[in-house]
Structure formats: structure tokens, C-alpha cells
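Student: Predicted coordinates and the sequence they were generated for:
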Amino acid sequence: MITALILLLVALVALGIWFYRLMNKNKSFYANIPIPPTIPFFGNIFEVASTKDVLDVLLKYAKNYEGIFKIHLGPIRKVLVVSDYKFLEFVLSSTKILNKPYDYNFLRPWLGTGLLTSDGRKSAEMSVIAKRRKELENKKKEIHDTHNTVVTKNKKVFLDLLLEATVDGKPLTQEEIREEVDTFMFEGHDTIASAISFALFSIANHPNVQKRIYEEQHALFGENKNPVITYASLQSMKYLEQVIKETLRLYPSVPFYGRQTKEAVEYNGTIIPEGITILILAFGIHRNSKYFEEPEKFNPDRFENVDGKTPYAYIPFSAGPRNCIGQKFAMLEMKSTLSKIIRHFELGPAIPQHKLQLAAESVLKSINGIKIGLKKRF
Ligand code: HEM
């Protein structure tokens with residue numbers, strides 16, 4: 001009995017020491033970074049737990065603490081929240097801070113239950129991948145059997161590329177392929193849907209902006225509402241591009257994203273230890289009056305002549321070595337969809353006028369919807 005008690009005591013002490021060490025890990029680094037008021041043990045977790053409050057809260061502290069502060073998510077987890085220009089430039093351009101936080105899951109309350117966690121979809125995807133793998137194998141066999149030597153240079157679809165890809169001579173596993181497909185589906189679908197929705201809202205509520213988009217369409221296609229759209233015609237939609245850029249400034253589809261140091265790095269004479277989670281608050285720097293005059297105002301003209309002096313102040317697609325690989329395609333898709341809508345419909349504010357309630361879920365959303373009025377153009 002006494003032995004059991006002693007063992008229990010030893011275990012408790014060991015646990016206590018382990019916990020204390022975790023709580024105080026990197027204490028001297030964090031000591032100099034400001035923190036908003038905390039609740040004992042829980043830290044700031046309650047303030048940032050709600051997807052609909054988190055942006056306002058982080059924006060408020062970003063202003064109060066001039067772009068660099070930390071938050072505590074419980075007694076152990078600490079996150080550095082950054083929207084300071086110089087620090088963003090350092091983090092995003094670094095070739096040493098390329099990792100995503102090892103558990104993007106700590107953002108779970110903010111991310112919501114996105115498509116990525118849907119098991120039903122997962123098994124459907126797995127069977128599509130398996131079926132296509134079989135088809136490709138059969139096709140290869142057929143070509144081999146008939147000694148067909150014709151080399152086709154057709155462009156391959158994404159899934160076929162993944163199925164044929166190898167890493168160190170080994171094909172990707174079913175699970176790895178599914179992860180890649182998920183990344184593209186998630187990064188490339190919801191982000192664009194979010195941006196298009198906020199663009200429609202902004203256009204509907206800014207008649208002068210809409211007029212200029214329509215005039216640009218008219219200059220390109222005249223009265224033709226269903227022209228054949230080419231890459232060149234999309235490139236010519238310069239004003240629409242400014243509108244999309246301004247939409248992504250005020251409503252970045254991914255309002256914040258993470259990085260994790262995998263080794264100690266030096267910034268401005270301070271050593272940032274390994275394992276620090278950095279939250280890049282794009283939403284914060286996009287609404288900073290130092291970089292954007294009257295930041296709350298929707299004004300596509302601000303993108304007419306960008307001098308390029310502060311590239312890290314506008315980061316809806318992130319920047320540096322881990323930026324969005326789909327951004328050019330995204331711009332084409334958004335232009336194509338929005339221009340078609342504007343050619344066919346006149347947008348107006350909803351009645352009664354709708355006020356957005358922004359929420360940072362898997363992507364930026366408005367939890368009370370995005371309401372606009374539509375009138376067919378004849
Ligand atoms: C409005 C549309 C889009 C926005 C705002 C957007 C934004 C972003 C952002 C902010 C990141 C960095 C995320 C992070 O560091 O955690 C990212 C990464 C990525 N995006 Fe996009 N994206 C868009 C559309 C697309 C499209 C259409 C595709 C593909 C077809 C795509 C594919 C990717 C991929 C694969 C990554 C990961 C890159 C990496 O981890 O190195 N995105 N995107």
C-alpha cells in the first residue's frame with residue numbers, strides 16, 4: 001500500500017515537472033512579447049474560440065500591440081500573431097520557416113469541420129482513385145499487348161499525373177494521392193467561392209464600381225453577352241482585376257495562416273527558437289492605415305498604380321516560397337465568373353440593406369449570409 005502511494009506520488013511529481021517545463025518552454029523568448037489580458041490557466045482561448053469574434057479580436061490587438069503579440073490557448077499552447085510589415089517580410093521570405101504548424105488542428109475551433117474531415121467523402125474519393133488506377137493499369141497493359149508505339153502528347157488530367165508520379169522511385173500511396181486531391185479541392189474551391197461572393201456583395205453595394213466593370217465589358221464585347229472568352233480577353237479585364245484585388249484585401253478568403261519554426265532563426269538580434277507557431281494575420285495588415293489609406297473603404301482605384309514598394313502588405317495569396325500555387329488560375333476563374341454575371345445581371349443592395357457578419361471558418365464567410373439584389377439586363 002505504502003509502495004503504491006509512493007509510486008503515485010513520484011508519478012504526480014514527474015507529471016508536475018513535465019507540465020511545468022512545457023508551460024515555461026521558451027519563456028525568455030516569449031517574455032518580451034506583449035499579450036492581451038488573460039484568464040488564469042485558459043489564457044485567451046475564450047476570446048478567440050468563436051469563429052465570428054476571432055477576426056475582430058485579433059484585429060483589435062494587432063492595432064493595440066502594433067502588429068506583434070502573443071496569445072495563450074490554454075496553459076501550454078502559445079501563438080505569435082503577426083501583422084507587422086518587417087516581421088511578415090522576414091517570415092514569408094525565409095527559406096527556413098516553411099513548415100505549417102504541426103497541428104493546424106489547434107485552429108480547429110476557427111476552422112470548423114471543413115471538407116477535410118468528412119469521412120464519407122474520403123471513402124468516395126478513395127474508390128475513385130482506386131478505379132482510375134486500375135483503368136490506367138489496364139490501358140498500359142493494352143498498349144503493351146498491341147505493341148502500340150504511338151506516343152501521345154496529350155495533356156494529362158491532375159489525377160492521372162498524381163497516379164503516375166513517383167517520389168524516390170516509388171508511386172504515391174492511395175492516401176497520399178487523396179491528400180493531394182483534398183489540398184487542391186479545398187484550396188482551390190472554397191477560397192474562390194468565398195472571394196466571388198464577397199466581390200458580388202461589394203459590387204452590388206458600389207454602383208460606380210459596377211458601372212465601370214460593365215463599361216469595360218462593353219468596350220471588350222459590345223452588346224454580346226455570351227462572347228467566346230479567351231485568355232487574352234480575360235487579361236484585358238484590368239478594372240475587374242482591380243475590383244477582385246480590392247475584394248481580397250478587405251475579405252481575404254484565408255484571413256490568417258500559420259507557420260512553424262523548425263529550427264532557431266534570428267530576427268533583428270532576437271533568436272526565435274525552434275517550434276514557435278506564427279499566425280500570419282493577412283486580415284490585419286490589409287486593414288492597416290499605414291499601408292492602405294482609409295482601409296475600411298472599398299476602393300479598387302488603389303490598385304491602379306501599385307508602386308510595389310511594400311509587397312508584403314498585400315498577401316491574400318501569401319507570399320514567398322510557400323505562396324499559393326493556384327493564384328493565376330484563381331484570378332482567371334474569378335474574372336470569368338464575375339464578368340459573365342455582370343454582363344447578364346445588374347446587381348444592387350439587398351432590401352433591407354444587408355450587413356455582413358464576418359467569420360473565419362474554413363475560409364472567410366459571412367454567417368448571416370451574403371445578400372444582394374439581381375436584375376436581368378436585356
Ligand atoms: C481566391 C482564391 C485563392 C486564395 C485567396 C488562395 C489563398 C492561398 C493562401 C493564403 C495560401 C497559403 C496558405 C498557408 O500558408 O497555409 C494558399 C496555398 C495554396 N493554394 Fe491557394 N488560394 C486560392 C486559390 C487556389 C487555387 C484555385 C488553387 C489550385 C487550383 C490553390 C492551390 C493552393 C495550394 C496547393 C496551396 C498550398 C501551397 C503550399 O503549401 O506550398 N489555391 N492559397
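Tutor: Perfect, I can see it now.
Student: next one: stretch 306-321 to chain centre, how far?
Tutor: 15 Å (Cα atoms, centre = their mean, to the nearest Å).
Student: quick one: contacts of that stretch?
Tutor: 85, 88-89, 92-95, 98, 245, 248-249, 252-254, 257, 280, 282, 285-286, 288, 291-292, 323-324, 327, 330 (Cβ atoms under 8 Å, 6 or more residues apart in numbering). All C-beta atoms are positioned from the backbone trio N, CA, C, and that covers glycine.
Student: Just the buried residues of those residues.
Tutor: Among these, those classed as buried by 16 or more other Cβ atoms under 10 Å are 85, 88-89, 92, 94, 245, 248-249, 252-254, 257, 280, 282, 285-286, 288, 291-292, 324, 330.
Student: just checking: which of those also lie near the ligand?
Tutor: When contact is defined as Cβ under 6 Å from any ligand atom, these meet the ligand at 248, 253-254, 257, 324, 330.
Student: Next step: those restricted to strands.
Tutor: With strands taken from DSSP state E, the overlap with these comprises residue 257.
Student: between the ones next to the ligand among the buried ones among the contacts of stretch 306-321, which is nearest residue 156?
Tutor: Closest to residue 156 out of these is residue 330 (21.3 Å), distances taken as Cβ to Cβ.
Student: What residues does that closest one make contact with?
Tutor: 188, 191-192, 195, 317, 324.
Student: For stretch 356-374, which residues meet the burial criterion?
Tutor: Buried residues in stretch 356-374, counted by 16+ other Cβ under 10 Å: 356, 358-366, 370-372.
Student: now swap in stretch 68-84 and tell me
Tutor: Those would be 68-73, 78-84, for stretch 68-84 by 16+ other Cβ under 10 Å.
Student: One more: stretch 202-221?
Tutor: Neighbour counts using 16+ other Cβ under 10 Å place 202-206, 209-210, 212-214, 216-217, 220-221 of stretch 202-221 among the buried residues.
Student: And for stretch 341-357?
Tutor: Neighbour-count burial for stretch 341-357 flags 342-343, 345, 347, 350, 354, 356 (criterion: 16+ other Cβ under 10 Å).
Student: which bits of the stretch 151-300 of the chain sit near the ligand?
Tutor: Close to the ligand, as judged by Cβ under 6 Å from any ligand atom, the stretch 151-300 of the chain has residues 183-184, 187-188, 191-192, 195, 248, 253-254, 257.
Student: please redo it, this time with the cut-off set to 8 Å
Tutor: Within the stretch 151-300 of the chain, the positions near the ligand by Cβ under 8 Å from any ligand atom are 183-184, 187-189, 191-192, 194-195, 248, 252-254, 257-259, 280, 282.
Student: Point out where the protein drops to low pLDDT.
Tutor: 102-122, 143-154 (pLDDT under 70).
Student: Let's see that with 50 instead.
Tutor: Across the chain, the ranges flagged by pLDDT under 50 are 105-106, 108-119, 149-151.
Student: State which one residue of it is found closest to the ligand.
Tutor: In the chain, the residue that lies nearest the ligand is residue 326 (2.1 Å; Cβ to the nearest ligand atom).
Student: Identify the residues contacting that residue.
Tutor: Taking Cβ under 8 Å, 6+ apart as the test, what residue 326 contacts is 184, 187-188.
Student: Same check on residue 76?
Tutor: Contacts of residue 76 by Cβ under 8 Å, 6+ apart are 19, 22-23, 25.
Student: near the ligand, from the buried residues of stretch 68-84?
Tutor: Of these, not one also sits near the ligand (Cβ under 8 Å from any ligand atom).
Student: Quick one: the strands in the stretch 201-350 of the chain, in order.
Tutor: Taking DSSP state E, counting those that start in this stretch, the strands of the stretch 201-350 of the chain run over residues 256-260, 265-267, 270-272, 277-281, 345-349.
Student: Which other helices and strands does the first one contact?
Tutor: Spelled out, it's strand 256-260. If contacts are counted by 3 or more Cβ pairs under 8 Å, 6 or more residues apart in numbering; DSSP states H and E, strand 256-260 sits against strand 277-281, helix 282-286.
Student: Listing partners with orientation, what would you give for the first one?
Tutor: The pairing partners recorded for strand 277-281 under DSSP bridges are strand 77-82 (parallel), strand 256-260 (antiparallel).
Student: just so I have it, where are all the helices in the stretch 101-250 of the chain?
Tutor: Under the criterion DSSP state H, counting those that start in this stretch, the stretch 101-250 of the chain carries helices at the ranges 108-111, 119-145, 158-164, 174-185, 191-204, 207-221, 231-235, 238-250.
Student: Thank you kindly, that will do.
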